[in-house]
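Engineer: structure for this input, please:
(chains A and B)
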Amino acid sequence: MAKYFKLPSCIVAVVLCVCAVSMVGCKKNSSLSYEEQKKVVSNTSINTEIKKLESSLESEKDENKKTSLLTDIAVLQLEKGDVKSAMESSARAVEISEDDFRALYIQGKSSLMAGSYSRSLERLSRSISANDSYAPAHFEMGNVYYKRGDSHNAIKKYDRALELDKKNIDTMNNLAVVCVSAGQLKRAEKLLQRVIELQNDNATAHRNLGILYDTHLDNPRRAMTHYKRYLTIVPGASDRNLVELWISRVKGANK
Amino acid sequence: MKFTLKTMYMAVCVITTGLILSATVPFNMAISSFENVTAENTDEAAGKQLALRIEEKLKNSMGVQLRASGAVEKYIKMLELSQAGVISPSVVDSRRSILDVDHISVGSIARIGSMYEIDSRLVNVNNWEIEYACGFTTGSIDYAVESILEKYRNHLASIKADQDEDKKEPARVTVYRFRESNENALARGYGNVLSEIINSELGSCKGLATVERKYSKSLINEKVLRMTGVIENDNSTSLFNNRNIQYELTGELRVFDDLICIRYTLRDTASGMCLLPGYHEISSPRYLRPLAASIASDLAGVISNEAGVLQIKCSEKSINVILNGEPLGNVRKLRLGKGNYQLKVAKPGFSNFEKKVVITPGSTVAIPVAFKGGSNAGQKDEGDEDSSMWKPEWEKRVWKAQKTPDQ
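Structural biologist: Down below sits the predicted model:
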C-alpha cells in the first residue's frame, strides 16, 4: 500500500481525523472511544456487540466506515482478551487504511499482549505519527517501555499521555508505578492520591498506595487503611489471603 | 523329624512376619486445610472442616500414619509469608524438616452459586511434586469427602505396584496464576479457582511432574505495585528455572455478564519462549472444570514425552511461521505434540513456503525453508499475518464443549 500513497503523513492524519469525526453519529456504536467501548461491554454481551458490528460491516460499502467498524470490532476483541482475533481485525483495517491511528494502536496493544515489544513499538510509533494527540497510543507506548525496563522513556510517554488526557486514572496509576521504580516516591504518592480523589473505589490504586506506604514510605497506619479499602472494594480478589497477611504485618508494626 | 518341622514352622513364621511388616510400612502424611479461594464462601471455616472430616475418616485406614491435625499449618503459613515478601524462600526450604512427613494433602474449596469446586492433591514434600490429584464440582460436601477418601485409598493401594516401575525423570511444570484482568473478574475471584483446578488436572496427567502451586507461588514475592493493562515483570520465569521447573503456565481471565474469556501461555522457563498460547471462551463458571481438563491435556501433550521438536532452518531474519493456520511469529524451534501439521512460512514479497510435517515422540524434524519471489510481493507490511488464512482454523480451535456434560 505504501507505494501507492505517498502523501505526507500529516495530511493523511488530518484527512483521517476529519473522517473519524464525521463518522461519529453516522453509525451507532461505531467510532466509540476506547473507554466508551469498555463501558458498553461491561454492561452488555460482548459477543452480541461484535456480531452487530460484523453484520454492519458486511453491508458497508464505504471504505472509511469499514475501517472504523473493523477497528471497533478489534477493540472489543481485545477487551475480551482475544488477542489473535483483535490482530486480525486491526490488520484488515490497516489494509484498507494504512494510517488509521486507532487500528495501528490496537495492533500495537495486541502485539504487547502477545509479547512482541519491537512490533508493538513500531505500530504505536506509526499510530502516533498519524495522530500525535491520541493519548491511548502514548499510554501504551509507556507500557511497552516499562516492560522493556526503560523507566526513563516510560515516564516521558506517560507524561505525554497525561498531558493529552489529564484525568486518565490508568495513566496516573502506571506513571506512579514507574515513578516508584525510578525512586520518585513523593510524585508516585501524589499521583495515586489523585487517582483515589477522582475515583474513590479504584481497587488497584488503593492496593498500590498501601504497598507504597508499607514498603517505601514507612507509614503502616496509612498502608493498613488502603489495604483494607482494597479488600472492601474487591472481596473476591485472588490475592485476598496475601493482602490479609500484609494487614496483619502492618498491624504489628503499628502497635 | 520333629526338629525339622519345628524349624520349618519357625522359618515360615519369620518370613510371613517379615512380609507383613514390609507390606505395611505406613504412609506418612498430614492433611492441611482446604484454602477458600472465592469470596462466595460465606463459611470461613469450611476449608478447615473439610480437612478435619477427611482426616477423621482416613486415620482409621490401614497403612496410613497421619500427623496430628493442624501440625503442618505453621509451615503452610510460612509459604504464604514467603509469597507476601516477609521471609525468603530459602528460609522456607530450610525449615522443611518441621513438617516431619513425606506427604501432605493440600487443596481448595470455592463456592460458585450453589455448587462447590473442591480440589485435593497429595504432594511429596521432598520435591513438591503432585503425586495424586482429584477434583469435583458438587453441591454436597459429604459427597466430596467420600469421593476424596475413596480416591486416596485407591491411590495408596496402588503405590506399591508403581514402586517397581522403572520411571524416567519427567519434565516439571507449575501453574503460577491466572490474573483477573477486568473488574468483574476481580470481584468474582475465578482466577484462583481456575488455577487450582488446572493444577489438579495437570497433577493427574501422566508423563509430567506438576509442582504444587502452593509451593511455587511462595517463590515469588507478590508485593509489587500493580499496573493497569500490563502484566507485571515479576521475574517468575527465571525464578522457576532456578528451581528446576522447566515450564510455567500463566494466564488471565476476564469476566463479562454472559461470558468468561480465558487466555493462557505455556512458557519454557529456560528461554522464556512461549510454547503454547491459548484462548477460550465459556458461558458459565460451571464449565471451568471441563475447560481446565482440556487445557491440561493440551499442555501435557506438548510437555510430555509425546512431544517432538520442529526446527525451521531459514536464513531470512524476519519470517512469520503459521502452523495449522495459527500464526506463531518469527520462531525457529517449536516443541509440538505428536501428529500431522500443516506448516506455512510467510515473508512479505515472497510466495509462502508450505509443507506437511509429521511429528513423532522424541523426534527432531528440521525443515529447510527457501522462498521464491512472486505472488505476495508488495501486498503486506513486514510482520503482518495473513489473517484470512488462519481464521477458520482458529475458529475450529475455539473450545466447543460449552454444552452440559450430559448433552
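
Engineer: gap between the helix or strand hosting residue B:155 and the chain center?
Structural biologist: According to DSSP states H and E, residue B:155 maps onto helix B:141-163. Its chain's average C-alpha position is 20 Å from that of helix B:141-163, according to Cα atoms, centre = their mean, to the nearest Å.

Engineer: residues in contact with it?
Structural biologist: Helix B:141-163 is contacted by residues B:23, B:27, B:46, B:50, B:53-54, B:57-58, B:61, B:63-64, B:105, B:116, B:118, B:120, B:122, B:131-132, B:134, B:136, B:138 when judged by Cβ atoms under 8 Å, 6 or more residues apart in numbering or on different chains. (C-beta placed from N, C-alpha, C; glycine too.)

Engineer: right, and the helix or strand after it?
Structural biologist: Heading C-terminal from helix B:141-163, the first helix or strand you meet, by DSSP H and E, is strand B:171-180.

Engineer: partner strands of that next one and their direction?
Structural biologist: According to DSSP bridges, strand B:171-180 forms sheet pairs with strand B:208-211 (parallel), strand B:247-256 (parallel).

Engineer: need the per-residue pLDDT for residue 28.
Structural biologist: Picked chain A for this. pLDDT recorded at residue A:28 is 36.

Engineer: try again with chain B
Structural biologist: In this model, residue B:28 is scored at 83, pLDDT.

Engineer: one more: the one 3 residues further on?
Structural biologist: Per-residue confidence at residue B:31 stands at 89 (pLDDT).

Engineer: distance of the residue in the stretch 101-250 of chain A that chain B sits nearest to relative to residue B:190?
Structural biologist: Going by Cβ to the nearest Cβ, chain B is nearest to residue A:236 of the stretch 101-250 of chain A, at 3.3 Å. Counting by Cβ to Cβ, to the nearest Å, the gap from residue A:236 to residue B:190 is 8 Å.

Engineer: before we move on, what about residue A:247?
Structural biologist: Distance, residue A:247 to residue B:190, by Cβ to Cβ: 23 Å.

Engineer: of those two, who's got more company?
Structural biologist: Comparing residue A:247 with residue B:190 by other Cβ atoms under 10 Å in any protein chain shown, the one with more neighbours is residue B:190, at 27 against 20.

Engineer: ok, now which ones touch that one?
Structural biologist: Contact analysis of residue B:190 by Cβ under 8 Å, 6+ apart lists B:38, B:112, B:178, B:180, B:253, B:255, B:260, B:285, B:288.

Engineer: give me the element the first one is part of.
Structural biologist: The reference is to residue B:38. Using DSSP H and E, residue B:38 falls outside every helix and strand.

Engineer: what's around it, how many residues?
Structural biologist: Other residues within reach of residue B:38, judged by other Cβ under 10 Å, total 23.

Engineer: what's the overlap in contacts for residue A:236 and residue B:190?
Structural biologist: Common neighbours of residue A:236 and residue B:190, using Cβ under 8 Å, 6+ apart, are residue B:38.

Engineer: got the residues of the stretch 151-300 of chain B near chain A?
Structural biologist: Contacts of the stretch 151-300 of chain B with chain A, taken as Cβ under 8 Å from any Cβ of the partner chain, map to B:177-184, B:186-189, B:191-192, B:195, B:222-230, B:233, B:252-254, B:256-259, B:261-263, B:265, B:274, B:277, B:279, B:281.

Engineer: mind checking which of those residues land in helices?
Structural biologist: Secondary structure from DSSP state H places B:183, B:184, B:186, B:187, B:188, B:191, B:192, B:195 of these in helices.

Engineer: pLDDT for those residues - can I get that in TSV?
Structural biologist: Output for those, formatted as TSV (pLDDT from 0 to 100):
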residue	pLDDT
B:183	81
B:184	86
B:186	83
B:187	83
B:188	85
B:191	91
B:192	90
B:195	95
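
Engineer: from those residues, which would you call buried?
Structural biologist: B:183, B:184, B:186, B:187, B:188, B:191, B:192, B:195 (16 or more other Cβ atoms under 10 Å in any protein chain shown).

Engineer: hey, where'd the helices end up in the stretch 1-150 of chain A?
Structural biologist: A:9-23, A:34-43, A:46-59, A:63-80, A:83-96, A:101-113, A:117-130, A:135-147 (DSSP state H, counting those that start in this stretch).

Engineer: give me the buried entries from the contacts of helix B:141-163.
Structural biologist: Buried, going by 16+ other Cβ under 10 Å: B:27, B:46, B:50, B:53-54, B:58, B:64, B:105, B:116, B:118, B:120, B:122, B:131-132, B:134, B:136, out of the contacts of helix B:141-163.

Engineer: which of these lies closest to residue B:79?
Structural biologist: Lowest distance from residue B:79 to those (Cβ to Cβ) belongs to residue B:105, with 14.7 Å.
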